[in-house]
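Here's a sequence, model it:
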Amino acid sequence: MDMPVNVPVDNPNADTEWNDILRKHGVIPEKPPSPTPMIEEAIVEARRLAHENRLEGKGVDELDEFEDEEDDEFLDTYRRKRLAELNTISSASIFNQVYPLQKPDYSRDVTEASEKTFVLVLLTSSQGTNVESQLLIEIWRELARRFGDIKFCQIRGDMCIEGYPEKNTPTVLIYKDKDIKRQIVTLRELRGSQTTIEDLEQVLVSVGAINRTDPRLQRQNNEDPTQRDTVRSMKKCQPTEGDSDSDWD
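Model (predicted):
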């Protein structure tokens, strides 16, 4: 009976003549491809996107600053594009306030209404000592005023769901097409009592309720959206773990 032969291999990924012989005879697997070409390709693509989208996030009133840097035709095209976006947002802004909910009307005012637009429901605390709940109520008003194409609703948790735990307030439910797309139970998964309007804006972006280049967004640190494109492109070269959100109904 043939006995297996142990072939000494210090580093199977090393570029040596001995390893080449072993790979040729199938003793060790082929060397995995170098990630360098993928990284270089991602950098080139990120730079291309950054150039094409260099004016994304700029308001119409900011475009005059680029007259000496950009082609007039390009600026005019982008200006018309931005004005069209603003007109679309303006015509869709029909809410602009927080709507108080009553339990009997929940299906009509929330579930059915979500067929036409995103509907966000805030379940508040019944106690005035709940700091997170009071904070989110204030943020809710500002978001509703700014994003009038999204319907913001509010109801006390225990009035919406009998026996709803006080410790679970505030709770945010995001509806679209009669389904809950995301739920946030208390502000722990954001920044707790330090949560800001910008944090909730990013939630709206993540579910697709608003576009990341929406001119109504408050940019916390004036971050250029094209820089985020560069980061995303680089991350494509790295393995990531998928997130999963459980649904509640």
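
Could you report the distance from residue 127 to residue 159?
To residue 159, residue 127 is 13 Å away according to Cβ to Cβ, to the nearest Å. In this view, the C-beta of every residue, glycine as well, is placed from N, C-alpha and C.

Show me which of those two is the more surrounded one.
residue 159 (14 against 10; other Cβ atoms under 10 Å).

Next up, the contacts around that one.
When contacts are counted by Cβ atoms under 8 Å, 6 or more residues apart in numbering, residue 159 touches residue 103.

Number the chain from 4, please
Got it, first residue is 4 now, which makes that one residue 162.

Show me how the protein divides into domains.
Structural domains annotated on the chain: 39-94, 98-213, as defined by automatic domain parsing.

Export those domains as CSV, with columns for mean pLDDT.
Shown next, in CSV, are those (pLDDT from 0 to 100):
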stretch, mean pLDDT
domain 39-94, 66
domain 98-213, 95
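
out of these, nearest to residue 19?
Minimum separation from residue 19 across the domains of the chain (Cβ to Cβ) falls at domain 39-94, 19.6 Å.

just checking, residue 123 is part of a strand?
Yes. Membership of residue 123 in a strand is supported by DSSP: H, G, I helix; E, B strand; the rest coil.

For burial, what's the neighbour tally of it?
As a burial measure, residue 123 scores 28 neighbours (other Cβ under 10 Å).

And it, how far from residue 187?
Distance, residue 123 to residue 187, by Cβ to Cβ: 10 Å.
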